[in-house]
Every structure is written in C-alpha cells, then in structure tokens.
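**Student:** pasted the sequence and its predicted model underneath.
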Amino acid sequence: MTSAKNPKTFHVKSFGCQMNVYDGERMAELMAAQGLTATDDANAADLVVLNTCHIREKATEKVYSDIGRLRKHGNEPMIAVAGCVAQAEGEEIARRAKVDIVVGPQSYHNLPNLVAKAAEGQLGLDTDMPVLSKFDALPARRKVGPTAFLTVQEGCDKFCTYCVVPYTRGAEISRPWAALVDEAKALVDAGAKEITLLGQNVNAWSDGDRDLGALIRELDRIPGLARIRYTTSHPNDMTDGLIAAHREVETLMPFLHLPVQAGTDRILKAMNRSHSRDSYLRILDRVRTARPDIALSGDFIVGFPGETDAEFEDTLSLIDEVRYSMAFSFKYSPRPGTPAAAMDGQIAPQVMDERLQRLQAALNRDQAAFNAASVGRTCDVLIERPGKLPGQMLGKSPWLQSVLIETDAPVGSMVEVELVKAGPNSVIGVERLRFAA
C-alpha cells in the first residue's frame, strides 16, 4: 500500500465493455462529488482507479502490469482496482501487488468510504454484491456529451459455459422503471441527445409486465431525446414487444447487436446458449420484417473446445447468410472456474489463429459491402467529436456507422448528410441541412 494521504486528483481507466465505460463515468462522478479533480494523466493523479474487465484471457496479468507501471513512475498514487477482476480476485490482488482499494462492480458506490479508509493506511475492500443499492447511492447525472450510456439491467442467469459474468456481476437484476425514466430525463437535461441502454442481457430487462420495448416507448416521450439504442442482447429475450418497437418507435435506431457465438447447434448446446442456429435466424427474419433497413451486428467465438473444421465452416455459412454490418470476434480463451475450461478437445492456438483470420475476413467483407450499399443514402448524423483532419467532424449514422463530414457544426448538432463515399470502417458524408445543436 501507499503511504496514507488524502487524494486531491484522480484518474479512472476503464477496460472492456460499454457497461464498464458507464461504471467508470459513475465512479468519476462520485470522486468529483467528493471534491476531487479529474486528470487525464494517470502518472500525475493522486488516486488511480483501474476499472477492469475479466472476459478475456490474461486480464488479471494486465492489471498487475498497469500497477507496476504506475509504481515505477515514482508518483506512488493511491491505487484502486475496480470491476470484474476485483470481484474475481478479491483480497488476492492486495496480497500480490501494492494496491490500496479493491472494489467489485456492484459495490463501487462505496468508493468514497474506501478511499477514506485507505487514507488511514487500511485496505479498502468491498466485493459484496447488493441488489441495486449502488444506483440509489450514486450522485445525480450532470453534464454529459451528446451520447450517453444508461445501465438498465445487470448480471446474467444464462451461464454460458465459457463466461465469467454470472460470477463477477451476479444474477440478472432490472432497475426500476421510474428510476430509469428519471435518469434518462436527467441525461437529456445534461445534454444527451442519444441514450444507449446497457445490460449484460439488456433485453432481459423487465418491471412487472413491462419489457424493454415498453421502456423504450416511454423514453421516446422525453422531449429532446432524438435517439435510443440498446446493447447487449440475448436471442432468448427478443420479445414480441421489443421487436414491435423496432417497427413503431422512430427514435429507436435501426441497429441490433444480437450475439450468436457459433453457427452449429452442437457447439451452441456445448456453450449452453439456449438457442439454435435456426431459431436465431428466425428471430432475425422477424426483426427485418419489422424494420427492413436494420443493420445487424453479432459476436463470434472461434475455437471453442471440440469445434471441428466442419462446424467452423457452419459458422462461416451463417455469416454468409446474415451479412452483418459489423461484428466482434474472438478466439476462445479459457476462464478459470468456467465449465468450458475443463472440457476435452481444447483447440490448438495455431488452428484458432487461422480460423479467426478467415472469420474476420468474411466479417470485414460484409462490413465493407454494407458501407458501400449506403452510398447515396441521406440520413441524420449526430456530431460526436472532431475528426483527425482540420474542419472534419465525426458522428454516427442511424446504423451506427462512423461518418466523417467537413462542417463547422458543433458537437451535439444533428446534421442531415448525403453519404457519398464508403471505406471499410467509415463513410464520408456531405452536409445538406443542419438542425439546432
């Protein structure tokens, strides 16, 4: 541990998923509410919060590497390890490295108390998993950018055999309807024009007989909220009401991220995915019927234990059939304590490498084709930040494409553009009409 001191500046570094980004923002708001000043320079901060992800292989070792780099710099900040690695490793982190605070993703609302404890020379440790109490303890949302995240659901009851989320985030819980509507209104009042609803299984959200589709319809009534998105979804929770919302709610953007993970039923069953190839494709057909212009995204794992060459080819054929606008793909990595880590038939690294390259080539092909097919479309783009070139701004199309525009429109503006040129990862737009910032 560091020598006892009361920090005056802080830096939060978040790894991994969008929910971690949300949690990092909330921890920063907690520290600011305590009078601490944020800094972009971790080496100059009195308190550094490493908000960790535990999904990928070697996540824990990356945390220790970051801790070592901070200590080598000589500033000796107070170090807090937060997030899923903190939940999984607990006090072991403090035994292995000089850290002052270990706090899990369901307990970070107690961070100010843990900082005070660490300032007295004691280890601040909290990896309890209370149900929703952290949200009641977090400060009110204040100033945000044009886009904002809103966590509506946490945890997972699916127990996919490769995944640690049920153990690090706990069981599925849904935040109450009224709290979410209030926070969404606060985000819009603070400057947000687009809100992305977050959850480990976001479409599992419910409050009584109301599903995520009903919540989206309620948020659609908030004046000033121009766009609604949600991620990450599970095929098992694509309700009729949510699919209907894609047809009927104008502010719900035509984009769906629906992970499938593999394209053959035997591997899906081994993963405990609870859907089949056919049921997944039938869901996509229903969504496309409701919203014909929808862009589809997915997740894929290659090299799951026992995956044969023929089963991998089935995954490639699924990609050929769906034609995703974008997707995320990973080599299988065994996570300690998960059933898949003990399965027979672990795939050789070189085989996984070759499969991943082929799969990513197919996904990149389809993303480039989707972007190319967008040329000639006119759409609204929400300006999020400056681009790399002078006079260039970057925003997102309704289909979540990155769009580059030469414009003097400020961040937060909604601009009508014609999409005139496509690249593999972005689209060039020409401004036609500007709406109020």
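**Tutor:** Arrived safely.

**Student:** helices of the stretch 201-350 of the chain, residue ranges please.
**Tutor:** Taking DSSP state H, counting those that start in this stretch as the criterion, the stretch 201-350 of the chain contains helices spanning 212-219, 240-248, 265-270, 277-290, 309-322, 349-374.

**Student:** average pLDDT across the fifth one?
**Tutor:** Average pLDDT, helix 309-322: 98.

**Student:** begin at 329, not 1, for the rest of this chat.
**Tutor:** Happy to do that; since the first residue is 329 now, the last one works out to helix 637-650.

**Student:** what's the distance between the closest residue to Lys390 other than its chain neighbours and Gly483?
**Tutor:** Distances taken as C-beta to C-beta, 6 or more residues apart in numbering put Phe343 closest to Lys390, at 7.6 Å, once the chain neighbours are dropped. Every C-beta, even on glycine, is put in place using the N, C-alpha and C of the backbone. Separation of Phe343 from Gly483 (C-beta to C-beta, to the nearest Å): 19 Å.

**Student:** check Asn379 too.
**Tutor:** Distance from Asn379 to Gly483, counting by C-beta to C-beta: 17 Å.

**Student:** where does Met721 land in three-state SS?
**Tutor:** strand (DSSP: H, G, I helix; E, B strand; the rest coil).

**Student:** buried residues in stretch 468-484, which are they?
**Tutor:** Buried residues in stretch 468-484, counting neighbours by 16 or more other C-beta atoms under 10 Å, are found at 469, 472, 474-484.

**Student:** next one: stretch 495-503 to chain centre, how far?
**Tutor:** In terms of C-alpha atoms, centre = their mean, to the nearest Å, the centre of stretch 495-503 is set 15 Å apart from its chain centre.

**Student:** picking that back up, the helices of the stretch 529-678 of the chain: which one's closest to Leu584?
**Tutor:** Leu584 sits nearest to helix 605-618 of all the helices of the stretch 529-678 of the chain, at 5.9 Å, using C-beta to C-beta.

**Student:** which stretches of the stretch 329-478 of the chain have low pLDDT?
**Tutor:** 329-332, 383-387, 401-402, 457-462 (pLDDT under 70).

**Student:** ranges for the helices of it?
**Tutor:** 346-361, 387-400, 412-417, 420-424, 439-447, 461-465.

**Student:** straight-line length of stretch 534-549, end to end?
**Tutor:** Counting by C-alpha to C-alpha, to the nearest Å, you get 19 Å between the two ends of stretch 534-549.

**Student:** if I read this right, Ser602 contacts Val588, doesn't it?
**Tutor:** No: in this structure Ser602 lies outside contact range of Val588 using C-beta atoms under 8 Å: 11.8 Å.

**Student:** these two: who's more crowded?
**Tutor:** Between Ser602 and Val588, counted using other C-beta atoms under 10 Å, the more crowded position is Val588 (24 against 14).

**Student:** ok, that one - contacts?
**Tutor:** Val588 makes contact with Pro563, Arg601, His603, Arg605, Tyr608, Gly626, Asp627, Phe628, Leu646, according to C-beta atoms under 8 Å, 6 or more residues apart in numbering.

**Student:** local confidence estimate at the first one?
**Tutor:** Okay, so that is Pro563. We have a pLDDT of 97 for Pro563.

**Student:** surely it meets His603?
**Tutor:** Yes: with contact defined as C-beta under 8 Å, Pro563 reaches His603; the gap is 4.3 Å.

**Student:** give me the common contacts of those two.
**Tutor:** Residues touching both Pro563 and His603 by C-beta under 8 Å, 6+ apart: Val588, Ile611.

**Student:** on that earlier part again, wait, what's in contact with the residue nearest to Lys390?
**Tutor:** Phe343 is in contact with Leu378, Asn379, Thr380, Cys381, Ala387, Lys390, Gly411, counting by C-beta under 8 Å, 6+ apart.

**Student:** run the last query once more with 7 Å
**Tutor:** Phe343 makes contact with Asn379, Thr380, Cys381, according to C-beta atoms under 7 Å, 6 or more residues apart in numbering.

**Student:** I figured the last one hits Gly411, correct?
**Tutor:** Yes: applying C-beta atoms under 7 Å, one finds Cys381 in contact with Gly411, separated by 6.4 Å.

**Student:** what do these two both touch?
**Tutor:** Common neighbours of Cys381 and Gly411 (criterion: C-beta under 7 Å, 6+ apart): Asn348.

**Student:** among those two, which residue is more densely surrounded?
**Tutor:** Shown here are Cys381 and Gly411; by other C-beta under 10 Å, Gly411 has more neighbours (31 against 20).

**Student:** from Gly483, how far out is the closest residue in space to that one that isn't next to it in sequence?
**Tutor:** Spatial nearest neighbour of Gly411, chain neighbours left out: Thr380 (3.8 Å); criterion: C-beta to C-beta, 6+ apart. Thr380 sits 17 Å away from Gly483, taking C-beta to C-beta as the criterion.

**Student:** can you check Glu576 too?
**Tutor:** Distance, Glu576 to Gly483, by C-beta to C-beta: 29 Å.

**Student:** if we can go back for a sec, so who does the residue nearest to Gly411 touch?
**Tutor:** Shown in contact with Thr380 (C-beta under 7 Å, 6+ apart): Phe343, Ala387, Val391, Val409, Ala410, Gly411, Cys412, Val413, Ala414.

**Student:** tell me which two in those are the farthest apart.
**Tutor:** So, those by C-beta to C-beta: farthest apart are Ala387 and Ala410, at 13.2 Å.

**Student:** and the helices of the stretch 529-678 of the chain as CSV, adding distance to Asn529 and mean neighbour count?
**Tutor:** As requested, those are exported to CSV (distance: least, C-beta to C-beta, whole Å; neighbours: other C-beta atoms under 10 Å):
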stretch, distance to Asn529, mean neighbour count
helix 540-547, 10, 21
helix 568-576, 12, 18
helix 593-598, 16, 18
helix 605-618, 14, 16
helix 637-650, 20, 16
helix 677-702, 23, 16
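
**Student:** nearest to Gly363, of those helices?
**Tutor:** helix 540-547 (32.7 Å).

**Student:** what about the stretch 629-765 of the chain, any weak spots by pLDDT?
**Tutor:** For the stretch 629-765 of the chain, the stretches with pLDDT under 70 are 764-765.

**Student:** ok, now which ones touch Ile429?
**Tutor:** Contacts here follow C-beta under 7 Å, 6+ apart; on that basis Ile429 touches Ala408, Leu442, Val443, Ala446, Gly452.

**Student:** bridged to it, which residues?
**Tutor:** Per DSSP bridges, the residues bridged to Ile429 are Ala408, Gly452.

**Student:** quick one: it and Lys333, what's the gap?
**Tutor:** Distance of Ile429 to Lys333, computed by C-beta to C-beta: 13 Å.

**Student:** sorry, back to before: quick one, which of Ala387 and Ala410 is more surrounded?
**Tutor:** Shown here are Ala387 and Ala410; by other C-beta under 10 Å, Ala410 has more neighbours (28 against 21).
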